[in-house]
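A.B. asks: quick check, what structure comes out for this input:
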Amino acid sequence: MIPYGKQNISEQDIEAVVEVLRSDYLTQGPCVPEFEKALCELSRAEYALATNSATSALHIACKALEVGNGDIVWTSPITFVASANCALYCGAKVDFVDINPDTFNLCPKALEQKLEQAKRQGKLPKVLIAVHMCGQPCDMQVISALGKQYNFKIIEDASHAIGGRYLNENIGNCNHSDITVFSFHPVKIITTGEGGAALTNAPELHKKMLLLRSHGVTRDPQLMDQAPDGDWYYQQVDLGFNYRMTDLQAALGTSQLRKISPWIEQRQKLAQRYTTGLSQLPLDLPFELEEASSAWHLYVIRLHDASKRKQLFAHLRQNKINVNVHYIPVHLHPYYQALGFQVGDFPVAENYYHRAISLPLYPGLSDSQQDYVMHSLAEGLR
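C.D. replies: Here you go, the predicted structure:
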């Protein structure tokens, strides 16, 4: 079976983890800050905070931006449910902005129109979560300008996008946002087994997320309401969570980060081979914005004829090609429909969903495997 995505684990990665197993620290030791430093060096953000998942990072990012009861958070309907759920965890309401049909990211024009209407209604968002779908960044310059105009904070959900670039700078620098979140799930660009990170340039946001990541507990005397009883002393000063990454995960992540540049180059090469090889089929193919360089976490094709999607999906699976669909629009899930969302609310996202299939794309995919995928796809479309 050819998967749509998979991890790439080398002997160096294994040795990095084994070295931690032989050390004195398995959970919180020197490897986590080393990994965080490497993330800062890659992204050029001032601070990075490693977590046990990207969902956890999204949650504490919302909390650090003081999202709570009565607030509204907007995001894209084409994303994994965590991009919206993180706001609900904080007691906020969620709404969505329809996507651009070419980029699959939330549409800046639709965002501007929705903001104008929301201002008239007194329902502006406190935070916008901009999802970099498939690894291609949103038009963050426009979104940032709208954030300043309408006074909302911005989280970049870059779970797909580590290693990508926007305006000739690495994604994650937070030049156009308050916080950026990465994911290190095994099918992502790099992996820590399971894990995530939140990056920011704001020391107060980093300090807040650091506290929330570990139970709201601190050993910093400046955060305490009294002088410490002794060197052992700590206080819980906020209601936090156990969202910490272990040294085992961080060691793997640091090792993986050293290979990110050649892996991104391989993904770009594979994406270009798909674009060339599939150009004559009845499909809409993805492309890159001029000002961006996608990390190519996913290569999503869209069928001209949506009625053929189910049959083609089954055909490819029967040919041992484990294609997938990313994603079912969040507002169509029963939980969100119970909150009042309906079919037809975000028609561009729904049209995308009915036509989309994610093809295999990962650094270990060989040319012969990719040729087989393209041949099977063409065969299934006859």
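A.B. asks: nearest residue to the residue nearest the centre of the chain other than its sequence neighbours?
C.D. replies: What sits nearest the mean C-alpha location of the chain, by C-alpha atoms, centre = their mean, is S159, with 1.7 Å. Nearest residue to S159 in three dimensions, chain neighbours excluded: S183, at 3.5 Å (C-beta to C-beta, 6 or more residues apart in numbering). Just so you know, the C-beta spots here come from the backbone N, C-alpha and C atoms, and that holds for glycine as well.
A.B. asks: what bridges to that neighbour?
C.D. replies: G196 (DSSP bridges).
A.B. asks: tell me how this structure divides into domains.
C.D. replies: Annotated domains of the chain cover 2-257, 260-380 [automatic domain parsing].
A.B. asks: who are the contact partners of the residue lying closest to N100 once chain neighbours are set aside?
C.D. replies: Nearest-residue entry for N100: C107, 4.1 Å, with adjacent residues in sequence omitted and distances by C-beta to C-beta, 6+ apart. Going by C-beta atoms under 8 Å, 6 or more residues apart in numbering, C107 touches V97, D98, I99, N100, V348.
A.B. asks: the residues you listed in strands, which ones?
C.D. replies: Nothing among the contacts of C107 maps onto strands, per DSSP state E.
A.B. asks: could you look up the SS state of L365?
C.D. replies: coil (DSSP: H, G, I helix; E, B strand; the rest coil).
A.B. asks: per-residue pLDDT, it?
C.D. replies: What the model reports as pLDDT for L365 is 97.
A.B. asks: okay, the nearest residue to it once chain neighbours are set aside: pLDDT?
C.D. replies: Closest residue in space to L365, ignoring its immediate chain neighbours: L270 at 6.0 Å, by C-beta to C-beta, 6+ apart. Listed pLDDT for L270 reads 98.
A.B. asks: please settle this for me: is L270 part of a strand?
C.D. replies: No - using three-state DSSP, the assignment for L270 is helix, not a strand.
A.B. asks: report the contact partners of it.
C.D. replies: W296, Y299, L361, L365, Q370 are the contacts of L270 under C-beta under 8 Å, 6+ apart.
A.B. asks: which among these gets closest to V17?
C.D. replies: Proximity of the contacts of L270 to V17 (C-beta to C-beta) peaks at L365, which lies at 24.4 Å.
A.B. asks: I figured the closest one was touching I2, is that so?
C.D. replies: Yes - L365 is within contact range of I2, at 7.4 Å (criterion: C-beta atoms under 8 Å).
A.B. asks: helices of the chain, start to end?
C.D. replies: In the chain, the segments counted as helices under DSSP state H are 11-21, 31-43, 54-64, 82-89, 108-121, 140-150, 203-213, 247-257, 260-277, 309-318, 334-337, 347-355, 367-380.
A.B. asks: pick the most deeply packed of the ones you listed.
C.D. replies: Burial of those is given as mean neighbour count (mean count of other C-beta atoms under 10 Å); helix 54-64 ranks first at a mean of 27.
A.B. asks: low pLDDT regions in the protein?
C.D. replies: In the prediction, the chain carries no residues with pLDDT under 70.
A.B. asks: closest to S279 among the contacts of C107?
C.D. replies: S279 has its nearest neighbour among these in N100, at 21.3 Å by C-beta to C-beta.
A.B. asks: show me the contacts for that closest one.
C.D. replies: Here N100 is in contact with L106, C107, P108, A110, V348 (criterion: C-beta under 8 Å, 6+ apart).
A.B. asks: by neighbours, which of the contacts of L270 wins?
C.D. replies: Greatest neighbour count in the contacts of L270, by other C-beta atoms under 10 Å, goes to W296: 28 neighbours.
A.B. asks: now that residue. Nearest residue, chain neighbours left out?
C.D. replies: R267 (3.9 Å).
A.B. asks: how near is the one you found to G91?
C.D. replies: 38 Å (C-beta to C-beta, to the nearest Å).
A.B. asks: leaving out sequence neighbours, find the closest residue to L359.
C.D. replies: Y299 (4.9 Å).
A.B. asks: dump the residue contacts of that neighbour.
C.D. replies: The contact partners of Y299, by C-beta under 8 Å, 6+ apart, come to C134, L270, A271, Y274, P286, S358, L359, L361.
A.B. asks: phi first, then psi, for Q226.
C.D. replies: Backbone torsions for Q226, taken as degrees, to the nearest 10, come to phi -160, psi 170.
A.B. asks: phi, psi of the residue nearest to E288 when sequence neighbours are not counted?
C.D. replies: Leaving aside its sequence neighbours, E288 sits nearest to S294 (C-beta to C-beta, 6+ apart; 5.2 Å). Phi and psi for S294, reported as degrees, to the nearest 10, are phi -70, psi 150.
A.B. asks: roughly how far apart are S294 and P286?
C.D. replies: From S294 to P286 the distance is 8 Å (C-beta to C-beta).
A.B. asks: N322 now?
C.D. replies: Taken as C-beta to C-beta, the span from N322 to P286 is 19 Å.
A.B. asks: and for P77?
C.D. replies: Distance, P77 to P286, by C-beta to C-beta: 18 Å.
A.B. asks: who's more crowded, these two?
C.D. replies: Legend: neighbour count by other C-beta under 10 Å for P77 and P286, higher for P77 (28 against 21).
A.B. asks: what is the nearest of the contacts of C107 to K148?
C.D. replies: For those, the nearest to K148 is V97 (17.3 Å; C-beta to C-beta).
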